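Chemist: Next comes the sequence, and after it the predicted model I'd like to discuss.
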Amino acid sequence: HAQDVISSGCLKRVKQKDTPLAATLHGSVAHEIRHQLTTIHRKSNSDIARAYFDHLERVGAVSADATIVANNWLKNLLTKEFDTPE
């Protein structure tokens, strides 16, 4: 049982195929990183980091056999902004 998109993506790669994976997501790693990249970690190559964490957000959200989100805000964010299946 993963608690975030990074753990979910990693566990999918190492678990046995017949072991189910559940993920309960409580927030958006990509949105937290975006905030950091526009405030204290502002660099000329921040767009590369943003693309990387956006990719991790989607991969982690779809890696589990069942993904539970904490609220409708996160559900809408994942389905609309990160193109994850509902």
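Modeler: Structure received. Residues are numbered from 1 along each chain as shown.
Chemist: centroid residue for the chain?
Modeler: In the chain, the centroid-proximal residue (Cα atoms, centre = their mean) is Glu57; its distance is 2.4 Å.
Chemist: Report pLDDT for that residue.
Modeler: For Glu57, the pLDDT comes out at 93.
Chemist: Check the one 3 residues further on too.
Modeler: We have a pLDDT of 94 for Gly60.
Chemist: again with Arg50
Modeler: Reported pLDDT for Arg50: 85.
Chemist: distance of it from Arg34?
Modeler: Distance check for Arg50 against Arg34: by Cβ to Cβ, to the nearest Å, it reads 6 Å. The C-beta positions use only the backbone N, C-alpha and C, and glycine is treated the same way.
Chemist: same deal with Ile40?
Modeler: 12 Å.
Chemist: These two: which has the busier surroundings?
Modeler: The neighbour comparison of Ile40 against Arg34 (other Cβ atoms under 10 Å) goes to Arg34, with 16 against 7.
Chemist: What's the first helix or strand after the helix or strand bottoming out on mean pLDDT in the chain?
Modeler: Between all helices and strands in the chain, the lowest mean by mean pLDDT, DSSP states H and E belongs to helix 29-38, at a mean of 86. Using DSSP states H and E, the next helix or strand after helix 29-38 towards the C-terminus is helix 46-63.
Chemist: Could you give me the buried positions within that next one?
Modeler: Phe53, Asp54, Leu56, Glu57, Arg58, Val59, Gly60, Ala61, Val62, Ser63 (16 or more other Cβ atoms under 10 Å).
Chemist: Between helix 29-38 and it, find me the angle.
Modeler: Here helix 46-63 runs at an angle of 170 degrees relative to helix 29-38 (axes from the mean of the first three to the mean of the last three Cα atoms, to 10 degrees).
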